[in-house]
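*Asks:* Take this sequence and fold it.
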Amino acid sequence: MVIRPKNTHPEQVHVRSRTALARLALALVLPLTAASCADIAGNRVEHLQRKENKMILIDTRTPEEYAAGHLPGAILIPHDRIPAEIESCAPDHSARILLYCRSGRRAEAAKAAMEAAGYTAVENLGGIAEAAEKLQLDIVQ
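*Replies:* Here you go, the predicted structure:
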């Protein structure tokens, strides 16, 4: 038996449930973006190794896209937050920084913002599938 508010169509309840579920998922994922240089995917060691080798991998997609699948060791910084957050993740402006998104467009916008901020070794790997192939990595959740 399904209990629902009076005068509510069953489809409205379903939509409300999906909306509530989406909000809950977002509430769980968004705090991860606040600490974008922290251990987001449980790959702190791999991230540190890449950082020591002066290579930082950044996913410029949304938190929802990142949660659905990303490259191991990637740091999530949505493209529109790059100017505010990149300095904390990559204080060395000569570090090799690899960017990807879904198709390459947002990564290109992030690359332009980083170059305007003085970063000298930024590379757009394109979309996630293309980046995975270039780096020989599997997409993980």
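*Asks:* now stretch 59-77: mean pLDDT?
*Replies:* For stretch 59-77, the mean per-residue pLDDT is 96.
*Asks:* and the closest residue to residue 90 other than its chain neighbours, how far is that from residue 93?
*Replies:* Take residue 90 and drop its neighbours on the chain: the residue closest to it by C-beta to C-beta, 6 or more residues apart in numbering is residue 56, 5.3 Å away. To be clear about C-beta, it is placed using only N, CA and C from the backbone, and glycine gets the same treatment. Distance from residue 56 to residue 93, counting by C-beta to C-beta, to the nearest Å: 12 Å.
*Asks:* likewise residue 125?
*Replies:* Taking C-beta to C-beta, one finds residue 125 at 19 Å from residue 93.
*Asks:* of residue 56 and residue 93, who's got more company?
*Replies:* Using other C-beta atoms under 10 Å, the more surrounded residue of residue 56 and residue 93 is residue 56, with 24 against 16.
*Asks:* list the contacts for the more buried one?
*Replies:* Contact analysis of residue 56 by C-beta atoms under 8 Å, 6 or more residues apart in numbering lists 50, 75, 89-90, 95-98.
*Asks:* just residue 123 next, same as before
*Replies:* 96-99, 111.
*Asks:* Mind doing that once more with 7 Å?
*Replies:* Neighbour list for residue 123: 98-99 [criterion: C-beta atoms under 7 Å, 6 or more residues apart in numbering].
*Asks:* and what of residue 65?
*Replies:* Contacts for residue 65 (C-beta under 7 Å, 6+ apart) come out as residue 102.
*Asks:* which residue ranges form the helices in the protein?
*Replies:* Secondary structure of the chain, counting by DSSP state H: helices at 10-34, 44-52, 63-68, 82-89, 105-116, 128-135.
*Asks:* related to what we said a few turns ago, export the contacts of residue 56 to a markdown table and append columns for neighbour count and distance to residue 117.
*Replies:* As requested, the contacts of residue 56 are exported to a markdown table (neighbours: other C-beta atoms under 10 Å; distance: C-beta to C-beta, whole Å):
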| residue | neighbour count | distance to residue 117 |
| --- | --- | --- |
| 50 | 19 | 20 |
| 75 | 28 | 16 |
| 89 | 18 | 12 |
| 90 | 24 | 10 |
| 95 | 18 | 13 |
| 96 | 17 | 16 |
| 97 | 25 | 11 |
| 98 | 21 | 17 |
